[in-house]
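Enquirer: model this:
(one chain, ligands or ions: 1)
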Amino acid sequence: MANHLRAIWDADPDAAPKERPSFSDDIVGRFRSGRQVLIDGKQVPEALSTWRVTTGDPSVAAGVAEILGGVSEEWETDKEDNLQVLTESPSVNIIIEPGTLDASFKQFVQGVGLTHHCDGFEFLSPEEDKGTPCKCPTLIAERKLAAQKGRGPKPSVDVTFRLFDSPDVGKFRFNSGSWKLVEVLAPLFAELDKYEGQQVRATLTIENVTYTPQKGPRAGQEVSYNKPVIKVLGAYEAAGTADLAKAA
Ligand SMILES: [Zn+2]
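Expert: Below you'll find the model as predicted:
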């Protein structure tokens, strides 16, 4: 709805209100745990250990920089969110609204498009297949293996939230394809279900995992990767700032 309104303003500048309207219910920015970097003339994905936030709104970028550190700067994109803040924080205090954590699995085949779209158990689309079993393996490890072989869908986890330290700025979105996040989704959904209909305080963190495998092709070599972690702290209404500081 709000997007439609904005589109109308874009089409007819005279119809636009003089004052900056309140967009606080719109998605004002995205949290990202990675970026593309140019190495030897090739765009290569780089995992980040602190949050990168992109937005099209200078005041949002400034607010994020104030809370999480970093500076607002322009980056190369053809999308609307042409500002980024490479923050100094691996973790952010957030407020999750009911029903805004979403997960699905999607497989795209080049030249064909979306060939498999499910919740891990049943198809979510196309309409005629909706609700029928998709036959994805039950075990996450098997699903991951199938996806790696191009024979199964990859995860897409989506969460919309507000910043605990600045809830009025608007909503942010984080989308992740992390299997590590998928592995903990069941307990996470169960945790959120405890606060049915309520806003929930949580932390969204980029966690670094480092270990040395004893077996396999990389035995004895240190392996390191980052994973996003959502930790539920409690109901938002019942929360005090001191409480949160204690939990952090
Ligand atoms: Zn499936």
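
Enquirer: low-confidence ranges in this structure?
Expert: 1-25, 238-248 (pLDDT under 70).

Enquirer: Show me what from it comes close to the ion.
Expert: Within the chain, the positions near the ion by C-beta under 5 Å from the ion are Cys118, Cys134, Cys136. (Each C-beta comes from the backbone N, C-alpha and C, glycine too.)

Enquirer: if you set the cut-off to 8 Å instead, what comes out?
Expert: When proximity is defined as C-beta under 8 Å from the ion, the chain approaches the ion at 105, 116-123, 134-136, 143, 152-153.

Enquirer: Can you flag the buried ones in those?
Expert: Phe105, His116, His117, Cys118, Gly120, Phe123, Cys134, Cys136, Arg143, Gly152, Pro153 (16 or more other C-beta atoms under 10 Å).

Enquirer: Could you tell me which of those residues belong to strands?
Expert: Judged by DSSP state E, the subset of these located in strands is Phe105, His116, His117, Cys118, Phe123.

Enquirer: from these, which single one is nearest Ser72?
Expert: Nearest to Ser72 out of those is Phe105 (C-beta to C-beta; 34.9 Å).

Enquirer: Now the phi/psi pair for the residue nearest to Leu83 when sequence neighbours are not counted, please.
Expert: Nearest non-adjacent residue to Leu83, counting by C-beta to C-beta, 6 or more residues apart in numbering: Ala61, 4.5 Å away. When read as degrees, to the nearest 10, the backbone of Ala61 gives phi -60, psi -40.

Enquirer: ok, Ala61 - how many residues close by?
Expert: Residues contacting Ala61 under the criterion other C-beta atoms under 10 Å number 25.

Enquirer: which ones are touching it?
Expert: Counting by C-beta atoms under 8 Å, 6 or more residues apart in numbering, Ala61 makes contact with Gly29, Val53, Thr55, Ser72, Leu83, Gln84, Val85.

Enquirer: again, but for Ala65
Expert: Val71, Ser72, Val85, Thr87.

Enquirer: hmm, which of the residues you listed are the buried ones?
Expert: For those, buried by 16+ other C-beta under 10 Å: Ser72, Val85, Thr87.

Enquirer: shouldn't the second one be in contact with Ile67?
Expert: No. No contact is recorded between Val85 and Ile67 when judged using C-beta atoms under 8 Å, the distance being 9.7 Å.

Enquirer: Give the helix, strand or coil label for Val28.
Expert: Secondary structure for Val28, judged by DSSP: H, G, I helix; E, B strand; the rest coil, is strand.

Enquirer: nearest spatial neighbour of it, skipping sequence neighbours?
Expert: With sequence-adjacent residues excluded and distances taken as C-beta to C-beta, 6+ apart, Val28 is closest to Gly170, at 3.5 Å.

Enquirer: Please apply the same query to Glu222.
Expert: Nearest non-adjacent residue to Glu222, counting by C-beta to C-beta, 6+ apart: Thr212, 5.3 Å away.

Enquirer: How many neighbouring residues does the one you found have?
Expert: Based on other C-beta under 10 Å, the number of other residues close to Thr212 is 11.

Enquirer: Then Leu124?
Expert: 17.

Enquirer: Would you mind listing the residues in contact with the residue nearest to it when sequence neighbours are not counted?
Expert: The shortest distance from Leu124 to any non-neighbouring residue, by C-beta to C-beta, 6+ apart, is to His117 (5.1 Å). With contacts defined as C-beta under 8 Å, 6+ apart, the neighbours of His117 are Ser104, Phe105, Lys106, Gln107, Phe123, Leu124, Ser125, Pro126, Pro153.

Enquirer: Specify the beta-bridge partners of His117.
Expert: His117 has these beta-bridge partners by DSSP bridges: Lys106, Ser125.

Enquirer: Which ones among the contacts of Ala61 lie within strands?
Expert: Using DSSP E, the members of these that fall within strands are Gly29, Val53, Thr55, Ser72, Leu83, Gln84, Val85.
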